[in-house]
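Visitor: structure for this input, please:
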Amino acid sequence: MAANENTPASATVWYFTGATFVIALPMLLFPDLPWWARAASIAFGGALIVVGIRQLQREARGKGDRRD
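Guide: Numbering: from 1, shown residues only. Have a look, this model is predicted:
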């Protein structure tokens with residue numbers, strides 16, 4: 001790999017960004033959202049955070065195995 005090439009963005013960043021939007025946007029855009037929809041949004045966002053943590057562990061493990 002050439003020194004001036006950028007490495008691709010980590011998938012983990014996208015999981016955490018998605019979780020932030022899934023949790024925050026329904027609360028901001030729809031203030032009269034029923035409680036069950038708010039709970040579902042928080043649960044789905046929490047699931048994305050868990051998946052992001054698992055992806056982060058996988059990526060960290062993969063980088064540790066690499067030899068330059």
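Visitor: how close does residue 40 sit to residue 23?
Guide: From residue 40 over to residue 23 the distance is 11 Å, taken as Cβ to Cβ, to the nearest Å. Every C-beta, even on glycine, is put in place using the N, C-alpha and C of the backbone.
Visitor: neighbour count winner among those two?
Guide: For residue 40 and residue 23, the more surrounded residue by other Cβ atoms under 10 Å is residue 23, and the numbers stand at 18 against 14.
Visitor: nearest residue to the middle of this protein?
Guide: Central residue of the chain (Cα atoms, centre = their mean): residue 15, 1.6 Å from the mean position.
Visitor: surely that residue and residue 55 touch.
Guide: Yes: counting by Cβ atoms under 8 Å, residue 55 is a contact partner of residue 15 at 5.9 Å.
Visitor: if we can go back for a sec, and the residue nearest to the centre of the chain, what element?
Guide: If you go by DSSP states H and E, residue 15 is part of helix 11-29.
Visitor: please point out which parts of that helix sit buried.
Guide: Residues of helix 11-29 classed as buried by neighbour count (16 or more other Cβ atoms under 10 Å): 12, 15, 16, 18, 19, 22, 23, 26.
Visitor: which helix or strand lies directly C-terminal to that helix?
Guide: Moving toward the C-terminus from helix 11-29, the next helix or strand (DSSP H and E) is helix 35-65.
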